[in-house]
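> Curious how this folds, go ahead:
(4 chains)
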Number of protein chains: 4
Amino acid sequence: MATQSYDDYREDMIGRANVADTTELRDYYRELEQFNAGALWTVANKIEPWQPQTASVPVVWRYRDLRDKVLRSTALVTPEQAGRRVIYLDNPGRHDVSAAVGWLYSGLQVMNPGELASSHRHSASALRFIMEGEGAFTNVDGHKMTLGANDFVLTPNGTWHEHGVAEGGTPCIWQDGLDIPLMNALEAGFYEVHPELQQAVTYPVDDSTLSWGNPGLRPAGAEWSKRYSPLFKYEWGATYEALHRFAKASDGSPFDGIHMDYVNPATGGPVMQTIGASIQMLRPAEHTKAHRQVGSFLYQCCKGSGYSIINGRRFDWQERDIFCVPNWTFHEHVNGSASEDACLFAFHDLPVMKALGLYREQAFGENDGHQPILDPA
Amino acid sequence: MATQSYDDYREDMIGRANVADTTELRDYYRELEQFNAGALWTVANKIEPWQPQTASVPVVWRYRDLRDKVLRSTALVTPEQAGRRVIYLDNPGRHDVSAAVGWLYSGLQVMNPGELASSHRHSASALRFIMEGEGAFTNVDGHKMTLGANDFVLTPNGTWHEHGVAEGGTPCIWQDGLDIPLMNALEAGFYEVHPELQQAVTYPVDDSTLSWGNPGLRPAGAEWSKRYSPLFKYEWGATYEALHRFAKASDGSPFDGIHMDYVNPATGGPVMQTIGASIQMLRPAEHTKAHRQVGSFLYQCCKGSGYSIINGRRFDWQERDIFCVPNWTFHEHVNGSASEDACLFAFHDLPVMKALGLYREQAFGENDGHQPILDPA
Amino acid sequence: MATQSYDDYREDMIGRANVADTTELRDYYRELEQFNAGALWTVANKIEPWQPQTASVPVVWRYRDLRDKVLRSTALVTPEQAGRRVIYLDNPGRHDVSAAVGWLYSGLQVMNPGELASSHRHSASALRFIMEGEGAFTNVDGHKMTLGANDFVLTPNGTWHEHGVAEGGTPCIWQDGLDIPLMNALEAGFYEVHPELQQAVTYPVDDSTLSWGNPGLRPAGAEWSKRYSPLFKYEWGATYEALHRFAKASDGSPFDGIHMDYVNPATGGPVMQTIGASIQMLRPAEHTKAHRQVGSFLYQCCKGSGYSIINGRRFDWQERDIFCVPNWTFHEHVNGSASEDACLFAFHDLPVMKALGLYREQAFGENDGHQPILDPA
Amino acid sequence: MATQSYDDYREDMIGRANVADTTELRDYYRELEQFNAGALWTVANKIEPWQPQTASVPVVWRYRDLRDKVLRSTALVTPEQAGRRVIYLDNPGRHDVSAAVGWLYSGLQVMNPGELASSHRHSASALRFIMEGEGAFTNVDGHKMTLGANDFVLTPNGTWHEHGVAEGGTPCIWQDGLDIPLMNALEAGFYEVHPELQQAVTYPVDDSTLSWGNPGLRPAGAEWSKRYSPLFKYEWGATYEALHRFAKASDGSPFDGIHMDYVNPATGGPVMQTIGASIQMLRPAEHTKAHRQVGSFLYQCCKGSGYSIINGRRFDWQERDIFCVPNWTFHEHVNGSASEDACLFAFHDLPVMKALGLYREQAFGENDGHQPILDPA
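Residues are numbered from 1 along each chain as shown, chains lettered A, B, ... in the order given. Predicted structure coming up:
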């Protein structure tokens, strides 16, 4: 058996550790181990890298690959057995924590007409982005919402929530996004099943959007001290119209085109404390410049088609495809059509990074902001 | 000449001042006066009342009375002479400070087609509510906005602003609301005329509303640290639609019917630091209950007709009429129509009261919440 | 009887009102008056001055003048008659509102050994600064505090409070500071006498200072959501030591020497929402530079002697003297001793100005920052 | 080779996943794997536990075990080779991330008289707690501080910092605490060596403590917008005195005795955004009750001796010993002396948990709050 090496991370630079193994040192290290200790210089350069080292890899999940498999799950397992029939996205670099990217989980959930999941709540924050089907609904703390394609829905941490599809509907598929991996990493995850399995609808249907989804206005006197948005459903119609209105007043971001954040209307801040979301429109033939950010992103194309260049590799996408951009990784987006706009929904963990004072971003400085393409995916 | 009285505010109650004048005390008081001092017990009960004593009186200003007079001002004085041609609302109890109610100023301003006022800025916060005419516009710090009836527009404290009417328009009248009296009372008012008299239009027309006036969305990455709303114009169409949407989800306030606050979308808070504004819809035949608040209110009827009962007196109003509710004064509202809704715009100083921790409200407790009417106005 | 003049405030400058009275205009103005209205251009230049116009005048109240009068009040009126035996400071420019400066009230209160005032509470924020005597105490919401010379004590708005002097003590005199005039101006003042006249002591004596008056530390897990400081008493010993510690690390402010703010340790902000306080040390022979601020100040010399130059006039002060600096008025301070330090306590309304976004300050730009002295006071 | 199992986490309860492997399902799972996907029900119960599952184990690091080894490092490696001579604490459950507990790193650093480390900065927040020796100093962004035993010092994220020991001093040992593992987990860690290797001292020595370490007072007009404390050094003398002062006013916490948080005096909040710290005094013979919290803790005994019961096991400690309490783990503390007080310094990640809305705590409900002891450590 080979001798264990302790000097794998040496760097020849002042202020960095650069100690070669010797017999005496190896004895010393083994002695330290007996007391649950170690010599910092054997790991210092590893644990203090010059810049973030992401464990995630860029991936595109194509809807044409996954749709059939998602639907097939309804034949393979019952809701009672499975809890929920969801195919989750498994980043090869994050298989150990079942994450799609960074500390974010994502899955494609399917429900058939007449099905109703049991109500539960948890420390993880959750969202849905509706992909297809008619008749889907969600009940969040008694607020029932009807859901259509491209609607964006919150089920914030700590809220009782349950999903279903009306009897007269069609099979519905949506993307779930949660920060389950982050809750586990922070050892902060609690989970409860509703004592009565279902909860009552205690407000007028869609009251959240009718009350809080109005521009520049809020219910007078309404107090809202919770740390997530009182607006639970952001409808696609108003969202798409907003993109076009904003496009009349702005040249857009060099990195993201016409780019808007979904916000908590009670504060102007992110929709939830640990997950944020945004929507962007790439105008016909638009090719943005590359930048990188401290934060992990999961995108879904909700209109049009195109590609993104992530860490020098090209990833093509079309409607309903999902792809990720790992932390501190250069990325740029291209609308593949010269006549139609393309829209990308994204959710991310920027609220975590900003709450902890860790956010940074950096433009790609060379080649007029465009990465050389290493090889097509 | 009569002897000065020092015991005008006596109250026979433990903990309150109750000292009768004597010759010795009068001598003592006069001695104190020589040293810029006085005996607290001679004024204590006056300056520490049991509850707020308002100096303002309820008034209704009828548009049918004032409209002609406002228009006549354009014949009587030139813009150059007058600065602005405005008829201000002069509360009989606040004549000394030229206030419409409390520390709030209001006036009706008129401009003819082709006129353009010079640009200025001041410590007072200001707003406009458009009453009639076509072609009006405002430029706030380079953001030009076109204005239609019932649009609500901000010109926040410290912003350069100027108003005008396009050549092809019609005479335009709007209500100005400002807190000039408060600025004077706090001895905090600064005023400047723009060095070039006019300012340039440096953003796309109506960019503020296009960018910030979208439900549940904000420009991604936009930083806004100013303490007033980045949304300067709240258009009537979207506002009236919001009232009807909210009405589907809410029973409304017992005191104010369907009641929404105009907000700063970057914070969810009031539109400006010292003036807030709201819009309310009284459903057909709705008669609200009475309450009173720490704060002064100036209402404008912008749709329908009805009346309000203020401190036990009835004040009838119809479209374009303006009326005030003084501080800590009971008031309730009645829609006079059994078939049409009625809408009231209001601005107020609640942001001041809340910023200083002074806000309170109280429901009228008797007679099922309705004041007995003392006598019709 | 003379014809009323409406053109008293004309200014010959573009953007300002400049309308001469005519017969026709006078008729017009009188017509407007009948409808509770007026022409803005007749008052515009008055109500929109170029910079703040203070109503207060600088005054010094000398302790040697007032002390006897304060003590004499105990012979002239009983506590039961007077409520409290206080000589208030009456600024000649603010006689109508019984203010010492701006919207701030101040008075000198005296209590004899064994006396105990009844408990009350009010919307006004209040403070005490102890001037002389032994055995004084205050009870704020059940927190009893013992008081010595130069101790600074809060009785925040809404707290039940009562003062007394122990049987074995001596006659005690302190300065009261309140914002009673502001509460009246804002029509927000409520007043209550304690239903049982006295309140119980429900915490260990001086618990507030023992718990919250420690450097860089706070009680673990203590929640404090009130908008005033949980630290009610700031003792002179620690305060004076802090000035000397800070002096080792700082050159001091050019305008105020070694200058520290009393703060709410739970937030780092001002001690109360509407009144702030500070302490400053002028080093031997120090002569500061002049500046002016939006805010009104009431100073008490608590150590040493010297003078201040306020709006070009010199005001001498020594220990226990009180003087005011009106809003937007240039002032500079001089320590009259070449060997001893001099200390000034001050309270002010800067928290109001800052909460409403109105604070500004300006250095005196000429003569190396020193005002020419117009004439000695 | 055995067939892979996919049903390891089944739970027989409504709302939880409970799917047994079948050949068909295994094929389905393998198919999903090809597309970077999986069936949620195979991992759902694992990734959504009912409550936090900590990876850390309780450990005590005894100073008598480690002190010699720390000192020996100075003979084994030079500062130039090692960067810093530090023995880090290696939790057996967190060996993969070199953490002492949770996402917190800790080590014992030694420096000899005349040594001076090179200056660097990083995204990790850092602190020191001085254990022994004379002459140590730290320079944080130009603020040089002299350090004595039990002084607590911040080197916040993003600040340039360097440590040294004066020529005339003695070998010095201190505990380093950082959140390096959290920075790596969040993929947010940046690291820089100072371009000139050393930084200048640009403020008076100890200016931070002289300016900001005063009770209830702060430098007037000092603006501080950084998200960490402007007070970098909390001296032991004042800290220990504060514990005794607080003890006069409080019965203490049932879980922690006389317990105070080190705070940022500019906000009243935690000292840094991602690491908090506290000090507690156990009175003679005090035995606290058990509770558990969402958060990881690293304690150092800085006075006296005693033991803690963590997850039912007893861990003895005396002066300079360090021990950890993992996330959501019951713990209680006992002062082993009937005559002397015992003090524990602790740092933790509660600011992270609170910033993300994840904090919870729970008292041990049985046996009068005391855990049964499973077996002595």
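> how does chain A divide into domains?
For chain A, automatic domain parsing gives the domain ranges A:9-40, A:60-219+A:228-376.
> Any idea which of those domains gets closest to chain C?
domain A:60-219+A:228-376 (17.7 Å; C-beta to the nearest C-beta). For glycine as for every other residue, the C-beta is placed from the backbone atoms N, C-alpha and C.
> quick one: which of the domains of chain A is nearest D:Gly142?
Ranking those by proximity to D:Gly142 (C-beta to C-beta) places domain A:9-40 first, at 18.6 Å.
> Give the buried residues for that closest one.
Buried residues in domain A:9-40, defined by neighbour count with 16 or more other C-beta atoms under 10 Å in any protein chain shown: A:9-10, A:15-19, A:21, A:25, A:28-29, A:32, A:35-40.
> In strands, which of the residues you listed appear?
Secondary structure from DSSP state E places A:Ala37, A:Gly38, A:Ala39 of the buried residues of domain A:9-40 in strands.
> you'd agree the first one is up against D:Lys69?
Yes. Taking C-beta atoms under 8 Å as the contact criterion, A:Ala37 and D:Lys69 are neighbours in contact, 7.3 Å apart.
> Which neighbours do the two have in common?
Overlap of the contact sets of A:Ala37 and D:Lys69 (by C-beta atoms under 8 Å, 6 or more residues apart in numbering or on different chains) consists of D:Ile87.
> Export only the CA atoms of stretch A:361-377, formatted as PDB.
Output of stretch A:361-377 as PDB, limited to C-alpha atoms (Å, rounded to 0.1, in the frame of the first residue of the first chain):
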ATOM      1  CA  GLU A 361     -20.100  39.500 -11.100                       C
ATOM      2  CA  GLN A 362     -17.600  39.900 -13.800                       C
ATOM      3  CA  ALA A 363     -17.800  40.600 -17.600                       C
ATOM      4  CA  PHE A 364     -15.800  38.500 -20.000                       C
ATOM      5  CA  GLY A 365     -13.200  41.000 -21.000                       C
ATOM      6  CA  GLU A 366     -11.800  39.800 -24.300                       C
ATOM      7  CA  ASN A 367     -13.000  39.200 -27.800                       C
ATOM      8  CA  ASP A 368     -15.700  41.900 -27.500                       C
ATOM      9  CA  GLY A 369     -17.300  40.000 -24.700                       C
ATOM     10  CA  HIS A 370     -17.700  36.700 -26.500                       C
ATOM     11  CA  GLN A 371     -16.200  33.400 -25.500                       C
ATOM     12  CA  PRO A 372     -14.300  31.300 -28.000                       C
ATOM     13  CA  ILE A 373     -16.400  28.200 -28.500                       C
ATOM     14  CA  LEU A 374     -14.300  25.100 -27.400                       C
ATOM     15  CA  ASP A 375     -16.500  22.500 -28.900                       C
ATOM     16  CA  PRO A 376     -20.300  22.100 -29.600                       C
ATOM     17  CA  ALA A 377     -22.300  20.100 -27.000                       C
END
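> which residues are in contact with that stretch?
Here stretch A:361-377 makes contact (C-beta under 8 Å, 6+ apart) with A:58, A:60, A:254-255, A:287, A:289-294, A:309, A:311-316, A:330, A:332.
> mind redoing it with 6 Å?
Here stretch A:361-377 makes contact (C-beta atoms under 6 Å, 6 or more residues apart in numbering or on different chains) with A:Lys289, A:Ala290, A:His291, A:Arg292, A:Gln293, A:Ile309, A:Gly312, A:Arg313, A:Arg314, A:Phe315, A:Phe330.
> Centre of the chain to that stretch, how far?
Stretch A:361-377 has its C-alpha centroid displaced from the chain centroid by 23 Å (C-alpha atoms, centre = their mean, to the nearest Å).
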